[in-house]
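In: below is the structure, and that's it, no one-letter string:
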């Protein structure tokens, strides 16, 4: 249990993550100590993402004490040099770390919290926290506070623990007070905890609220509302070789080496993230650690008997999010997995989101997960997209117009309206996939006949009775449901081709306003853009280019990577591989690859410019160069043009 009151420990320090990196370095290496009164919140770094806190290569260590050595290794200065040397946070004698808004955006990697906790940090201070990151803090018993509380602590006050936990729901408070999720689960198993009831009566519910209500454990009622803390039973989940080793290790340490998981047929492991890692020069020194991660995942799979999507003969079945939606995610499902892009399952009318390794370990052990019912925001789509515009452009617009103002923060994004019918399932998956870039809880689309047709094609073994059951489970909002984030109308014909400029997915801009940006690399792939429809787009552009006697521009490298084996078969059957070859593209078997800096398509120096169809463009995410996010059409057209350009039919003629 955590102590009832908190004060700063004598001799311990507070680290302010300042936008002035010289001042930050002075704290790390020259003994400079600051107080909250010395700074304004505006002087602190915002949007510190999990790639900055623990870059991909740092996560090749699966033990938290080893991860702490490389804390904040992704934060670089104007010269591209690391601000935090190895062990800088670990040996700095800090117990509080302070930043600005939206701390912990990006992936669900729990390592971002581990690097702080195992470096001695007891309290994280920020103006706001990204939802998955906040949950990971809770699960590890890490306190979160605000700048006013820090000012009081630095003035010598002792603050009751209740002030730090008051912002959370009753169950989250119990988790935090017990020191984290595993101590909470032990106490729950011993019946030392009495769970609160919601007391929520009948009311119209949003899609997320209905999905959660349908998965409540008995005794908690039939209706929920935002803020209700509840326990639910998940339908499915998965982990990959970047995370499974920690899940396996944590379970063995907490529950003994003979631990078992519930319903192994509902959980899966994937080998997709690191398959091509050693093709990148900076990743080659980590080959032994990567192999250890693979070996521990194999050990976990054999120990638990869960679904196995390991690579065979060096070939992966595909990226977890794509394969999961193809194989086993159904409408109405509640899904949790160890990756922030788990929300891609929302395109199939599932309520799906990413969790950290500790939370996932608790889920597979008990089959039960905790949810604080989130608020919702709804986007009503109307009309049809104009030619040359895709769902990627729609979500980039939402990022720029709504996420940048925190309108979507920690909310479930609903997509509906008559315009949704004009988008196929792969395009819907693009919308929900990038809900996490909006710092949303997740995204979810309404189900319709397009949904059922797509699923029937991929699930021929499912009988008619099961199809009727699935139809009955599909989620639609109730008339009169309350959307705290509002209901927003989006006219699809008004959306234009867009990019996100380097640094963050919210840095949106219309391509027409961009100016000429020469490129060195074009990357066409990832879970976001490695689907069948995406390959239709790539092939459409490159077919037109080759028919006009054009191909990939002389000074550009175009990489095309499939999201799954099924997508690769589809592309082959459609004749796309021949088109890609004629155009001069390099084709890569399924995997995450360059999206996480672990495969062909990664930039090699700071001067290189990439246009990419992936989901996030944090500094260093896919190499040291400048990375623009764009749609599949834009990526392919830009590869031919040699600079970023919006696609238009006939653009290569004459």
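Out: Yes, it's here. If you're wondering where the values come from, they're calculated on a predicted model, not measured in any experiment. Numbering: from 1, shown residues only.

In: can you get me a residue count around residue 19?
Out: By other C-beta atoms under 10 Å, the residues close to residue 19 number 13. Where you see a C-beta, it was placed from the backbone N, CA and C, and this is true even at glycine.

In: kindly report the same for residue 427.
Out: For residue 427, using other C-beta under 10 Å, the count is 22.

In: isn't it right up against residue 529?
Out: No: using C-beta atoms under 8 Å, residue 427 makes no contact with residue 529, being 10.7 Å away.

In: the stretch 501-650 of the chain: strands as residue ranges?
Out: Listed in chain order, the strands of the stretch 501-650 of the chain (DSSP state E, counting those that start in this stretch) span 508-510, 521-524, 557-561, 586-588, 609-612, 626-629.

In: residues in contact with the fifth one?
Out: So that's strand 609-612. For strand 609-612, the surrounding residues in contact (C-beta atoms under 8 Å, 6 or more residues apart in numbering) are 499, 517-523, 526, 594-595, 601, 603, 622-623, 625-630, 634-635, 638-639, 644.

In: where does the stretch 351-500 of the chain dip in pLDDT?
Out: Across the stretch 351-500 of the chain, nothing is flagged by pLDDT under 70.

In: show me the helices in it, by range?
Out: Along the stretch 351-500 of the chain, the segments classed as helices by DSSP state H, counting those that start in this stretch run 357-366, 391-401, 425-433, 449-458, 464-473.

In: ok, now the stretch 501-650 of the chain?
Out: 532-547, 565-573, 576-583, 632-641.

In: in JSON lines: the ones you listed, plus mean neighbour count and distance to residue 279.
Out: JSON lines is the format used below for the helices of the stretch 501-650 of the chain (neighbours: other C-beta atoms under 10 Å; distance: least, C-beta to C-beta, whole Å):
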{"stretch": "helix 532-547", "mean neighbour count": "22", "distance to residue 279": "21"}
{"stretch": "helix 565-573", "mean neighbour count": "17", "distance to residue 279": "18"}
{"stretch": "helix 576-583", "mean neighbour count": "18", "distance to residue 279": "19"}
{"stretch": "helix 632-641", "mean neighbour count": "29", "distance to residue 279": "20"}
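
In: among those, which is nearest residue 293?
Out: Closest to residue 293 of these, according to C-beta to C-beta: helix 565-573, at 21.9 Å.

In: centroid residue for this structure?
Out: Taking C-alpha atoms, centre = their mean, the centroid of the chain lies closest to residue 340, which sits 2.4 Å from it.

In: quick check: pLDDT value at that one.
Out: Residue 340 is assigned 93 on the pLDDT scale.

In: separation between it and residue 501?
Out: 21 Å (C-beta to C-beta, to the nearest Å).

In: what does residue 298 give?
Out: Counting by C-beta to C-beta - residue 298 and residue 501 are separated by 41 Å.

In: cool, and residue 614?
Out: According to C-beta to C-beta, residue 614 and residue 501 sit 14 Å apart.

In: ok, now residue 280?
Out: Counting by C-beta to C-beta - residue 280 and residue 501 are separated by 24 Å.

In: who has more neighbours out of those two?
Out: Neighbour count, other C-beta under 10 Å: between residue 280 and residue 501, residue 280 has more, with 22 against 17.

In: and the chain, what are its domains?
Out: Annotated domains of the chain cover 5-189, 204-493, 498-641 [automatic domain parsing].

In: how far does stretch 72-85 sit from its chain's centre?
Out: With C-alpha atoms, centre = their mean, to the nearest Å as the basis, stretch 72-85 stands 23 Å off its chain's centre.

In: could you count how many residues lie near residue 575?
Out: If you count neighbours by other C-beta under 10 Å, residue 575 ends up with 10.

In: ok, now which ones touch the nearest residue to residue 571 once chain neighbours are set aside?
Out: With C-beta to C-beta, 6 or more residues apart in numbering as the criterion, residue 571 has its nearest non-adjacent residue at 4.9 Å, and that residue is residue 535. Neighbouring residues of residue 535 by C-beta under 8 Å, 6+ apart: 560, 562, 567, 570, 571, 574, 576.

In: from residue 22, how far out is the first one?
Out: Spelled out, it's residue 560. 43 Å.

In: which one of these two has more residues nearby?
Out: A count of neighbours by other C-beta under 10 Å puts residue 560 above the other of residue 560 and residue 22, at 30 against 10.

In: what separates that one from residue 525, distance-wise?
Out: For residue 560, the distance to residue 525 - C-beta to C-beta - is 6 Å.

In: was I right to think residue 297 contacts residue 308?
Out: No: at 9.5 Å, residue 297 and residue 308 do not qualify as touching, with contact defined as C-beta under 8 Å.

In: joint contacts of the two?
Out: Common contact partners of residue 297 and residue 308 (C-beta under 8 Å, 6+ apart): residue 269.

In: thinking again about what came up before, would you list the helices of the stretch 501-650 of the chain in CSV and tack on distance to residue 556 and mean pLDDT?
Out: Converted to CSV, the helices of the stretch 501-650 of the chain look like this (distance: least, C-beta to C-beta, whole Å; pLDDT from 0 to 100):
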stretch, distance to residue 556, mean pLDDT
helix 532-547, 12, 98
helix 565-573, 21, 98
helix 576-583, 11, 98
helix 632-641, 5, 98
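
In: now distance to residue 232 too, for those, in JSON lines please.
Out: Output for these, formatted as JSON lines (distance: least, C-beta to C-beta, whole Å):
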{"stretch": "helix 532-547", "distance to residue 232": "32"}
{"stretch": "helix 565-573", "distance to residue 232": "30"}
{"stretch": "helix 576-583", "distance to residue 232": "41"}
{"stretch": "helix 632-641", "distance to residue 232": "35"}
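
In: the ones you listed: which one's closest to residue 213?
Out: Per C-beta to C-beta, nearest to residue 213 of those: helix 532-547, 32.4 Å.

In: and the closest one with helix 391-401, angle?
Out: Helix 532-547 runs at 110 degrees relative to helix 391-401, counting by axes from the mean of the first three to the mean of the last three C-alpha atoms, to 10 degrees.

In: how far off centre is helix 532-547?
Out: Here helix 532-547 is found 28 Å from its chain centre; the criterion is C-alpha atoms, centre = their mean.
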